[in-house]
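*Asks:* turn this into a structure:
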Amino acid sequence: MRVLLGNGVNKESKDSDEWTALYGAALNGHKAVVRLLPNSDVDNEAKDNTGQTALLRAAENGHEAVVRVLIDSGVDQEAKDNNWRTAMHSAALNGYKAVVRLLGLHTSTPPLPPFHDLYIR
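*Replies:* As a prediction, the model looks like this:
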């Protein structure tokens, strides 16, 4: 990735689903790539065609280390997708307790209702 960035690759290019390199790296849990890209003037708030950001996808897939890197890079933790879900909601719905806790430390999203343990496996 460093070689590509060093040779002027378009960091903002998107595929037909509006995925950027940062989005794909976050979705797949590639922490090293995610750490590198926000420091390369990429749009870390870019959304795909469903309104999801790199943070939403990382949280949805339980990639705690990637979520931490994105939070540290200053992404909007309150961003909502087209279904009004935040990263915290996506992590909770998929049972990723550690990600929910991490996001809870860094967001003003209201805490999940008492029945949230039904969703967090």
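*Asks:* by mean pLDDT, flag the weakest helix or strand of the protein.
*Replies:* Least confident element among the helices and strands of the chain, by mean pLDDT, DSSP states H and E: helix 2-6 (a mean of 45).
*Asks:* need the helices for the chain, in chain order.
*Replies:* Taking DSSP state H to define them, one finds helices in the chain at 2-6, 21-27, 31-36, 54-60, 64-72, 87-93, 97-105.
*Asks:* just those helices: most buried one?
*Replies:* helix 54-60 (a mean of 30; mean count of other Cβ atoms under 10 Å). Placement of C-beta: from N, CA and C, glycine included.
*Asks:* which strands and helices sit next to that one?
*Replies:* Where contact means 3 or more Cβ pairs under 8 Å, 6 or more residues apart in numbering; DSSP states H and E, helix 54-60 is packed against helix 21-27, helix 64-72, helix 87-93.
*Asks:* turn those into TSV, including mean pLDDT and distance to L56.
*Replies:* Putting the helices and strands packed on helix 54-60 into TSV (pLDDT from 0 to 100; distance: least, Cβ to Cβ, whole Å) gives the following:
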stretch	mean pLDDT	distance to L56
helix 21-27	77	9
helix 64-72	92	10
helix 87-93	92	5
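*Asks:* in JSON lines, list the ones you listed along with distance to V34.
*Replies:* Listed next are these as JSON lines, based on distance: least, Cβ to Cβ, whole Å:
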{"stretch": "helix 21-27", "distance to V34": "5"}
{"stretch": "helix 64-72", "distance to V34": "5"}
{"stretch": "helix 87-93", "distance to V34": "14"}
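*Asks:* what's the closest of these to L103?
*Replies:* helix 87-93 (4.4 Å; Cβ to Cβ).
*Asks:* picking up where we left off before, quick one: closest of the helices of the chain to D81.
*Replies:* helix 54-60 (5.8 Å).
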